[in-house]
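Chemist: Test case, fold it:
(chains A and B)
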Amino acid sequence: MNETEEERKARGAARLAAMLAPVRGKLALASFLSVLAALLWIAQAGIVAMLLGALIAGERALLGPWAESAAFLAIGVLRAGLSSVAGRLAFLASEDAIAHERAALLSAQSRRSPIATGRFSSAEIASLAADKLDLVAPYLTRYAPAMTRTRIVPLAILSVSFPFSWTAAFILLVAGPLIPVFMALVGLAARDASEKQMQEIGSMNALLMERIRALTDLRLLDATGRTVADFQASADSLRRQTMDVLRIAFLSSTVLELFSAIGVALIAVYVGFALIGELGFGAWATPLTVSEGIFLLLLAPDFFQPLRDLAAAWHDKAAALAVAGEIADLEAEAKIDIVGEGMDGTPLPGPATLRVAALRWTTPSGREIPFPDFEAEAGATVALTGPSGSGKTTLLALLAGLAPAAGGTITVAGESLDDATADAWRARLSWIGQTPHFFTESLRANLLMSATTRDDERLHDALAQASADGIVSALPRGLDTRLGETGHGVSGGEARRLTVARALNSHADIVLADEPTADLDAETAAAVTEGLLALAARGATLIVATHDMALARRMDRIVSLETPQ
Amino acid sequence: MRALFPIVRRIWAQEWWSLLRGAALSVVVLVAGIALLGLSGWFITAAGIAGLAGAGLMFDMFRPSAGVRFLALGRTAARYGERILTHDATLRSLARLRVQLLAGLARSPFSRLPALRASEQLNRITRDVDALDGIALRLFIPIVAAVTTLVATAAVLWFLVDRALVVWLIASYVPGAAAALGFVAWRSRRPSRRSRLALNAFRMRVVDLLQARTELAVFGKIGARAAHVMTAEERMRDSLGQIDRMERAGGFVLSVTETIATAGALLVGALLAERGVIDPALAALGFFATLALAETLAPLRRGMAEIGRMTDAARRVERMLQTPDAAPSNKASVPASAPASDAALSMDDVCFTHDGAAAPIVDHFFLTVAPGEAVALVGPSGSGKTTILQLATRMVAPDDGSIAIGGFPLENWNEPELRGAVTLLPQRSALLSGSIREALALARPGLEDRDAWAVLAAVALDTVIAERGGLDSRLGEAGAGLSGGESRRLALARALLRHPTLLLLDEPTEGLDRTTAKRVLEGMRRYLPDAAILLASHRAAEREFVDRIHTLSPVGGQRHGSD
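Modeler: The predicted structure follows:
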């Protein structure tokens, strides 16, 4: 268990590295510029130290106060510019990397066979693509440059300070590395804590969502007042837990700040005493000058700054690793793709015939389903019947090339169904599913999805033939009504009739229908049946998977699938 | 940025004491930081001067060095206190906002509630509240603290150094910081809004793309649809890129402001010292204090990055909080006078058309249900069964005609009394996470175990619950853990516990097999022998159970109240 957890972590880290690979150059440049900007402070500090030192000694400054202040200003503006450019570069690099990942994710997942369901739901994949991938951005824009600065800037400041005073360098040397040690100690508790905190905030939202979803029921039960009071109580207790957790997290950053403050204070005190002559040690042969003292003091805070930046960005890495791990998990899943590309194609020529020979399918659980051989000539109507689990839906999906068969052949319009012919074959198909999906778009756009022409009159005829015209007129904006999750809904029976109308409206000459009359009341079922027969009357080859014998008997032929063992 | 003020007022009204102390502590932090660097700079310079003059022994170095150490420690402690106080206050106010949001939504009209079911919208509400956490923490407290600190520092420097330095400080810091903040606030709201909309569109299109793989593959539209998804992604990146550019520009202005201020302080100090107006040590103090003042702008950088998102979220949250009360309960109760009839429900010539629909869904409808009677509404989908039930419980108001409950016109009932008399079991009812007992007690507070078991027995759920571990067994989110049929029966049990005089059921035995359906319907009748029951039905078991069937024809040819 522990080992697999380790392996998962390693896979996440490897995946994160792969994610960065395409933008590594840009990122390195951004980090380099941010280091450069941080190092420019050394020059600014030098100017200030010289100017103030000259003032104290009563000498004229090297270039005079005007020129030296102007130099300080110019380097400062350059520094601000470099940081901005570095930040922008890192941002663009992260955008590139994320966009690349998104496109790859979608192109892989959209070709996954719809009948081979995986562990990840569509909503989970959507949240991975839309929200979670964005969590990689702070890792690239904040953590990575801060890491590079931490590696270089403190060392540079140390080596600049060392020639002036080994004591000052020693103070920095001791206070600096102690920070990571203390951070690690407190951070252990804090990381655990911040994970918990995320969960707490997540569950607070989950609680709120659950109650909002149930509002209709709560209103009907006259329970809204009590529910609000209950929610308040749970929200309060969650807040208290979150605060307990935050206290630890703040403690760790307080320790960090304490060390950097003590480091700066020690330098100041040491330099002060050395200048007065109280402390003879620490500097080299010559005593420390005022300029040198000021220089050391100015550099001290910036010695600690990269460490503080890194600490502030610490959790960015954990978040990015978690996301990369999730993507690796998704990619590690065994994946069955559809046959062909699922793109538009010129329809396959030849009569609308179908022949199935020795066809087999292996379910994800490893069960083998053999299918009976059958043939459908152009214009034939065939019912596929059999108990649930006998593979009716799977057979339909195989006929549409929605998954490759485990064995056997499907011959369509005289050609073998494979990657080369699948798109062209599907250009002649229409599909009537059990739970049709409607896009969050107008009803018209949904109905015209498979149409080659946009002809309202034809559409109205198709709707009437499928007895779906009543559904359209009951919708607030008729054909222009937006459907889908955020729009208006249609019931299962209505959706079924609308997809029959969609098939009637298209020029498809092969129609595959999956349990078109399941769970419908008798009247609606009859309407759907008549719609299907209207399709057949138009000359389409009709293959219907059903356990509704009233429907099956109206087909030319019944192919019955075996009972599963 | 103005949109933020109502939310700030709400937070302030509740948490002003914590926020005030938090702001005071953050001033302490900033002032201590400035004092630390200023004192250190002065200390070093003054010590250097004394050392050069050979007066080192007379120089009092213990008080300044003690001061340096005190400031270093005090600053850290103040920082910790400030963080705890302001975070606690923010969490409190966000929790309260969430509660207020829930209460506000609970007041909104029934017709709006189904639209809220969409998880997309819910997500947005919760995300909006999350987006507000920086308003006090990273915007208002830092601004207040920065201004206070600037004033305090200016006053001290006026006294210690020279007023020329103070004039310079204010003339450089104030316009620079105000320009950066104002620019970002002004320019980033629209891209923030656009990026949120694009993100929502992207998320929705991804779900569409993945859920419709069958249709898309068959229609050869996978490529086209994937491209459609990516256009939303491009729009999102475009807006995010714009926001990033604003932020960088704002950040650059802040950095340049800091540099101008410090360079100026250096020059002013040097010139004054050269002319002998001030001591060189004081020039150093002025420079170091100005340098440390930059620290006051640091928290603003993060706040600035979020300002667009916060403004956008604040607008929407505020709008939601101001939902007017749609169910005023101040109406007088039903008059004690004799009812006009003894029917439990009477609907008289009722018409209803959905907003924007061409044809009425309920057209001149008549129905009377007597106490103790059970009536089934039967008809194809779309014939208005559900709408009739909703009309009877005032979830929607009829366009025409009259409805009476217990002989009193529906519009005269006040909300609590109506909910006491009429209960509707909707087609899809929602359960909450928690114990079975809590689920049932939602319908009747202070529920006794005996009553709980009685109602569970009535819906044939007692053995199931006993096997699960009794009334204290827990349900997951939205009632997870029960099967579809079990959830349905638990929701029905909840409705029965209300002991209504009129029980409205929308396809109550959906998902139950025939035998269980019969048991449930009979158990329900035994539990509420006197209640009038009206159910929307498409199942034989339900039709056999009722005393009378009322058939509805499809839209457009509604049959009038014949039985």
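Chemist: how many neighbours does the nearest residue to A:A90 once chain neighbours are set aside have?
Modeler: Distance criterion C-beta to C-beta, 6 or more residues apart in numbering or on different chains; nearest residue to A:A90, sequence neighbours excluded, is A:A30 at 3.9 Å. Placement of C-beta: from N, CA and C, glycine included. When neighbours are counted by other C-beta atoms under 10 Å in any protein chain shown, A:A30 registers 26.
Chemist: Would you confirm that A:A30 contacts A:A86?
Modeler: Yes - using C-beta atoms under 8 Å, A:A30 is in contact with A:A86, at 4.8 Å.
Chemist: tell me, what's touching the two both at once?
Modeler: With contacts defined as C-beta atoms under 8 Å, 6 or more residues apart in numbering or on different chains, the residues adjacent to both A:A30 and A:A86 are A:P145.
Chemist: Quick one, grab the pLDDT at the residue in chain A sticking out farthest from the centre.
Modeler: Relative to the centre of chain A, the most outlying C-alpha is that of A:G58, 63.6 Å out, by C-alpha atoms, centre = their mean. With respect to pLDDT, A:G58 scores 80.
Chemist: Likewise for B:A55?
Modeler: 63.
Chemist: The one 10 residues further on now?
Modeler: B:S65 carries a pLDDT value of 81.
Chemist: Would you mind pulling up the elements that the host helix or strand of it packs against?
Modeler: Secondary structure assigned from DSSP states H and E places B:S65 in helix B:62-107. With contacts defined as 3 or more C-beta pairs under 8 Å, 6 or more residues apart in numbering or on different chains; DSSP states H and E, the packing partners of helix B:62-107 are helix A:166-213, helix A:215-220, helix A:224-276, helix B:4-52, helix B:119-131, helix B:298-321.
Chemist: So chain B: which segments form each domain?
Modeler: Structural domains annotated on chain B: B:4-321, B:345-551, as defined by automatic domain parsing.
Chemist: What is the burial count for the residue lying closest to A:I171 once chain neighbours are set aside?
Modeler: If the residues on either side of it in the chain are set aside, A:I171 comes closest to A:L266, at 4.9 Å by C-beta to C-beta, 6+ apart. Using other C-beta under 10 Å, the number of residues around A:L266 comes to 22.
Chemist: sorry, back to before: report the contact partners of the residue nearest to A:A90.
Modeler: Residues near A:A30 by C-beta under 8 Å, 6+ apart: A:86-87, A:89-90, A:93, A:144-145.
Chemist: One more: A:S260?
Modeler: By C-beta under 8 Å, 6+ apart, A:S260 lies in contact with A:175, A:179, A:301, A:304, A:307-308.
Chemist: which residues touch the closest residue to chain A within the stretch 101-250 of chain B?
Modeler: Going by C-beta to the nearest C-beta, chain A is nearest to B:I222 of the stretch 101-250 of chain B, at 3.3 Å. Shown in contact with B:I222 (C-beta under 8 Å, 6+ apart): A:110-111, A:341-343, B:209, B:213, B:216.
Chemist: Got the phi and psi for it?
Modeler: Here is the backbone geometry of B:I222 (degrees, to the nearest 10): phi -60, psi -50.
Chemist: so A:I327 touches A:L16, yeah?
Modeler: No - using C-beta under 8 Å, A:I327 makes no contact with A:L16, being 9.0 Å away.
Chemist: Please, where are all the strands along chain B?
Modeler: Applying DSSP state E to chain B gives strands spanning B:345-352, B:362-369, B:374-378, B:400-405, B:408-409, B:422-425, B:434-435, B:474-475, B:502-506, B:532-537, B:548-551.
Chemist: What is the burial count for residue 88?
Modeler: Using chain A. A:R88 sits with 19 neighbouring residues when counted by other C-beta under 10 Å.
Chemist: meant chain B actually
Modeler: 19.
Chemist: Find the nearest non-adjacent residue to it, please.
Modeler: Per C-beta to C-beta, 6+ apart, closest to B:D88 is A:M243, 5.5 Å.
Chemist: and the closest residue to B:A212 other than its chain neighbours, what is it in contact with?
Modeler: Distance criterion C-beta to C-beta, 6+ apart; nearest residue to B:A212, sequence neighbours excluded, is A:H437 at 3.9 Å. A:H437 makes contact with B:208, B:211-212, B:214-215, according to C-beta under 8 Å, 6+ apart.
Chemist: Now a ChimeraX select for only the buried ones of those residues.
Modeler: Filtering those down to the buried ones (16 or more other C-beta atoms under 10 Å in any protein chain shown) takes a single ChimeraX command:
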select /B:208,211,212,214,215
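Chemist: Which member of the contacts of A:H437 is positioned nearest B:G74?
Modeler: For the contacts of A:H437, the residue nearest B:G74 by C-beta to C-beta is B:D208; the value is 57.6 Å.
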